[in-house]
Structures are given as structure tokens and as C-alpha cells.
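Undergrad: Let's see this in three dimensions:
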Amino acid sequence: MNLTYKLFLSVLISVVIFFGLFVTVVIKIEKDKVNEIFYSKIEHNKEIYSASISTLLYTLNEDVIKSMITSIYKDKEIAKLELIDNSKLIKIKIDNKTYKNENLVKSLISLKYNDEDLGKLIIYYSKDLIFEHLKNYQFIIFSFALLLTLILILILYFFINKVSSSLKLLTKASVKIANGDLSQEIKIDERKDEIGILSEQFNLMRKALIRRRKINKRQLVELKEKDLILIQQTKMAAMGEMLENIAHQWRQPLSVISTAATGAKLQKEMDTLSDTELTSILTSINNSAQYLSSTIEYFRGFFDPRNNKERKLLISSIIEKALSLINTQFEDKNIQIITNIEDCTILSIENELIQVFVNILNNSRDALLKIESKEKLVFIDTKVKKNSLIIEIKDNAQGIDERIIDKIFELYFTTKHQSQGTGVGLYMCENIIRNHLKGSITVKNVSFKYKDIPYTGTNFTIKISLKHLK
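TA: Next up is the predicted model:
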């Protein structure tokens, strides 16, 4: 049911009720009025007829009495009458009109002269004319009310339709604006009422939205450019981390290759190199080279564009690849990584999620290097709960200052020296989790026990929905 119909129906019902009450009250007033006139006439006639007829009856002037009774009977409201003489010398009864018995009203007039009871005059008044008058009056009032109602309905319909048509334009434009179409302009004839003011303000709002959209587009372009710069900064920082990890991971096998080659050369010059020793040295060199080859594959995969596409992945595989990139540095710093993985399949971009893990783990590493503790621990736990993957990464680095913990995901915020950090790592982590994976990441300080030893540290919780995989 549209607004026009509701308004019209409401007004129609109100008008009908009003005129119904109006007609009822007017008819009642008219009915009371004619009844009052009717009974007043009866009482008035009673006084007049009592005096005049009593005198004539006392003188027994029959001809004059008959003439007077006949004249009285000409009254249209008198249905019948009867004169009763106590002396029984005169008796007059007239009853030759058509009437309804149920509408008769009896009027008894005592005829006396000098306190002598001479007889009585009985007059029967009919209400037929009153009812006929009320019927005609009711018809006229109903006709007038109906005509007036129709006129009012037409006038109201005109105004309601005019208002509703304007509201329809506003509603249509509102729907278009809600759907992102700001081209709809409200064109209403110049009006100074509330609708005119509303349409004018609506057009002002539309123009303001158009200006805001242009500003937002410019800001969006700026944000995209800013994100590209941040991504590039993060990649450069990640590349630096990778190069550092490569240096750490390659130092030992390169040392083995160098030592083996130098030893073989010296033994050859001294002519003490046997075939068995040569085979052993070559095997050692080959094993080290194979190790170098496998590690470079891990690092190459991190920067491979083919791993920047969304696909189904095992969370255990992603964590394993992330750990392979940083294990050497953690081992060199005597940082132990304890994992408890409940495996599951997720829809993700491999490199981005690896980058998240590497950034968080590197933050834990940096925090652990600042404390004096023999036990430096990092825990990685994953579990599936209510159609979501919950990943928790915590350490025992004594936690983050509560005054700044709410700021660590902010852009360019860092607790490190400017030469050591850019403040974009955790910001990009939150950006990837929230915008790309449609998940959430939170951080808090926690107290926990490991092997019955109490620790305090920081706990990062990542929540990723698994509903889209069903």
C-alpha cells in the first residue's frame, strides 16, 4: 500500500466519520425541534379550544359548535376528533383521514363552564407529517453532506496527490542515491512549503555528495598510491630480511665447501690425497651445494609472482615455509620455536600469509633479544573453532608496554630505532589479514606456563573464516 493510498484512505475515513457525526447531530436537533413545536402546539390548542368550545357547549349552540369543530379538523396534523357532551344532546365525531395508528398522539380537553363539567373534546394528532418532514430533511442533509464530502475528497485528493507525487520523486531519487547514482535531480515546481524546502535541501545534499565522491576518489587514488609505496617498502624490508637470512644460512655450507676444497688442494700438492678421501671431500661439497640449492628455492618462492594468487593452501605448509626462511637466525640466537598445528585448508595468497608470519616472528625475535633470559621461546598454535581458523603466536619477551600496545598496528609506529625499523611491518600484517583475507588480528599481553615455569609475553591472535570453503 503506497503513501498516496494511505493518506487518501485516512482522510476519507476521517471525512466520512466527521460527516456521519455531523448528519446524526443535525437530524437529532431537527427532530427535537419539530417534536417540541408539535407538543407545544397541542398544549396551545388545548387552552384555546377548552375556553371557546366550553362556552358554546354551555349555550348548546350546536350549529356553531359543528362549524368550529369542522374548522379545527382542517388542521393537517389532526387525524380525528370527537366531542362528548355530558348532557348527550350534542355528539360530534370526525374520522375521515388516512393515518397510521402508531403515530397518533391523544389530547384530552376537559370542557367546563363555571366549574360545571360539560363534557370533553378528544383530539388525535398524527405524527405522519413530522416523520415525512424528518425523512425529507434527512434526505436533504445526507445529499448535502455527500456532495460536500465528494467535493472535499476531490480537493484533498488533488493536494494529497500533489504532495505524494513530490514524495515519490524524492523516494525514487533516494533509492538511486542509495544505489550510488547521483545523477537524479529533484525537479519540483517552485514551492515555499515543506516539500519545496525538502526538495531544495535534497538537491543540496546530492551536490554535496557529488563533491564528496570526487574528493573520495582523489583520496582513494592517493591511498592506493600510498599502499603501493608501503607494499614496496615492505617488500624491500622483506628482501633485506631474506638477504640476511641467506647470509646466515649459507655461511656454514660455504665454509664447509671452502675448507674441503682448500684441504683437497693442499693434499693434492703434497701427493697425499687418496681416492677415498677425494670421494669423501666431493660428497661433502656436493651435500653442501644441494643444501644451498634447496634453501635458495625457498627464498626464490617467496618472491615468485605465481605465489601471489589466491588458492587453497594447507596452513601447515605455509607455516613450514615461513619457518624455513627464518630458522637459521632463530637458531643462531638460541630462540626455540614450538609449534602445535591443527592442520586445515584455507583460501589465501601464499606469499602474503608467509609475510604476515615472518613479520610477527621477527618482531618476537627482536623483542626476545632485548631480554636477559636463557629460555627464549616462541609458540605457534593453530586450531579450528566454529568455522574459523585461530592462529596464535606468542613469546616470552615480557610483553609490550600497555601504554603503546593499542598503537602497534598504526602506520609508521615502531618501538625500534629508525635505523632498525620502518613501522610498516605490523601495519601491513593487519592490512593483509583484514582487507585481503577478510579476517582479524589482535594483540595482548599474556601470562602462561611452559613446563611448569611461568612466563609473560605478547600474544598475537589471527582469526580467518573458513565458511567460504564449504
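Undergrad: Just give the closest residue to residue 127, not the sequence neighbours.
TA: residue 103 (4.1 Å; CB to CB, 6 or more residues apart in numbering). C-beta: built from backbone N, CA, C; applies to glycine.
Undergrad: Now do the contacts for residue 100.
TA: When contacts are counted by CB atoms under 8 Å, 6 or more residues apart in numbering, residue 100 touches 126, 128.
Undergrad: Please report the distance of it from residue 131.
TA: 9 Å (CB to CB, to the nearest Å).
Undergrad: try residue 437
TA: 89 Å.
Undergrad: Mind pulling up the pLDDT for the residue nearest to residue 127?
TA: If you check residue 103, the pLDDT there is 87.
Undergrad: Run a quick neighbour tally on it.
TA: A count of neighbours around residue 103, defined by other CB atoms under 10 Å, yields 15.
Undergrad: re the thing from before, for residue 437 and residue 131, indicate the residue with more neighbours.
TA: Neighbours were counted for residue 437 and for residue 131 using other CB under 10 Å; residue 437 has more, 22 against 14.
Undergrad: Assign a three-state SS to the closest residue to that one other than its chain neighbours, would you?
TA: Nearest residue to residue 437 in three dimensions, chain neighbours excluded: residue 464, at 5.4 Å (CB to CB, 6+ apart). Three-state call for residue 464 (DSSP: H, G, I helix; E, B strand; the rest coil): strand.
Undergrad: Any stretches of the stretch 101-250 of the chain with poor pLDDT?
TA: By pLDDT under 70, the weakly predicted segments of the stretch 101-250 of the chain are 182-196, 227-250.
Undergrad: what are the ranges of the strands in it?
TA: Secondary structure of the stretch 101-250 of the chain (DSSP state E, counting those that start in this stretch): strands at 104-113, 116-126.
Undergrad: Just send those back as JSON lines, with mean neighbour count and distance to residue 148 too.
TA: Output for the strands of the stretch 101-250 of the chain, formatted as JSON lines (neighbours: other CB atoms under 10 Å; distance: least, CB to CB, whole Å):
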{"stretch": "strand 104-113", "mean neighbour count": "15", "distance to residue 148": "35"}
{"stretch": "strand 116-126", "mean neighbour count": "19", "distance to residue 148": "34"}
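Undergrad: export those to TSV and tack on distance to residue 144?
TA: Converted to TSV, these look like this (distance: least, CB to CB, whole Å):
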stretch	distance to residue 144
strand 104-113	30
strand 116-126	28
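Undergrad: Verify the contact between the residue nearest to residue 127 and residue 128 for me.
TA: Yes - under the criterion of CB atoms under 8 Å, residue 103 makes contact with residue 128 at 5.3 Å.
Undergrad: Find residues that contact each of the two.
TA: Common contact partners of residue 103 and residue 128 (CB under 8 Å, 6+ apart): none.
Undergrad: tell me the SS of residue 92?
TA: Strictly by three-state DSSP, residue 92 counts as strand.
Undergrad: residues contacting residue 457?
TA: 394-399, 445-446, 448.
Undergrad: What of residue 58?
TA: By CB under 8 Å, 6+ apart, the contact set of residue 58 is 113, 116, 118.
Undergrad: Adding distance to residue 315, write the residues you listed out as TSV.
TA: Shown next, in TSV, are the contacts of residue 58 (distance: CB to CB, whole Å):
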residue	distance to residue 315
113	129
116	130
118	127
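Undergrad: from those residues, which single one is nearest residue 19?
TA: residue 118 (55.5 Å; CB to CB).
Undergrad: I'd like to know which of the strands of the stretch 101-250 of the chain is closest to residue 162.
TA: Proximity to residue 162 (CB to CB) singles out strand 116-126 among the strands of the stretch 101-250 of the chain, at 54.7 Å.
Undergrad: how near is the residue nearest to the spatial centre of the chain to residue 393?
TA: By CA atoms, centre = their mean, the mean C-alpha position of the chain lies nearest to residue 178, the distance being 13.0 Å. As judged by CB to CB, residue 178 and residue 393 stand 42 Å apart.
Undergrad: Neighbours of residue 39, how many?
TA: By other CB under 10 Å, 13 other residues sit near residue 39.
Undergrad: Please list all residues in contact with it.
TA: The contact partners of residue 39, by CB under 8 Å, 6+ apart, come to residue 105.
Undergrad: what about it, which SS state?
TA: helix.
Undergrad: Likewise for residue 445?
TA: Secondary structure, three-state DSSP: residue 445 is strand.
Undergrad: element containing the closest residue to it other than its chain neighbours?
TA: Nearest non-adjacent residue to residue 445, counting by CB to CB, 6+ apart: residue 399, 3.7 Å away. According to DSSP states H and E, residue 399 maps onto no helix or strand at all.
Undergrad: quick one, phi/psi of residue 399?
TA: phi 90, psi 180 (degrees, to the nearest 10).
Undergrad: That one contacts residue 458, correct?
TA: Yes - with contact defined as CB under 8 Å, residue 399 counts as touching residue 458 (5.4 Å).
Undergrad: what residues are shared contacts of the two?
TA: Here residue 399 and residue 458 share the contacting residues 445-446, scored by CB under 8 Å, 6+ apart.
Undergrad: Which strand residues bridge the residue nearest to residue 437?
TA: Taking DSSP bridges as the rule, residue 464 bridges to residue 389.
Undergrad: For residue 8, find the nearest of the strands of the stretch 101-250 of the chain.
TA: Nearest to residue 8, of all the strands of the stretch 101-250 of the chain, is strand 116-126, at 47.1 Å by CB to CB.
Undergrad: Just checking: what are the partner strands of that closest one?
TA: Its sheet considered, strand 116-126 pairs with strand 78-85 (antiparallel), strand 104-113 (antiparallel) by DSSP bridges.
Undergrad: Go ahead and name everything in contact with it.
TA: So strand 116-126 is contacted by 38, 42, 45, 49-50, 53-54, 57-58, 72, 77-87, 97, 99-100, 103-112 (CB under 8 Å, 6+ apart).
Undergrad: Count the neighbours of residue 366 for me.
TA: Neighbours of residue 366 using other CB under 10 Å come to 15.
Undergrad: Rounded mean pLDDT for the helix or strand hosting it, please.
TA: Element membership of residue 366 [criterion: DSSP H and E] is helix 350-369. Across helix 350-369, the average pLDDT comes to 87.
Undergrad: mind listing what's buried in that helix?
TA: 350-365, 367-368 (16 or more other CB atoms under 10 Å).
Undergrad: now the farthest one out in the protein, which residue is it?
TA: Here the centre of the chain is the reference, and by CA atoms, centre = their mean the most remote residue is residue 59, at 99.7 Å.
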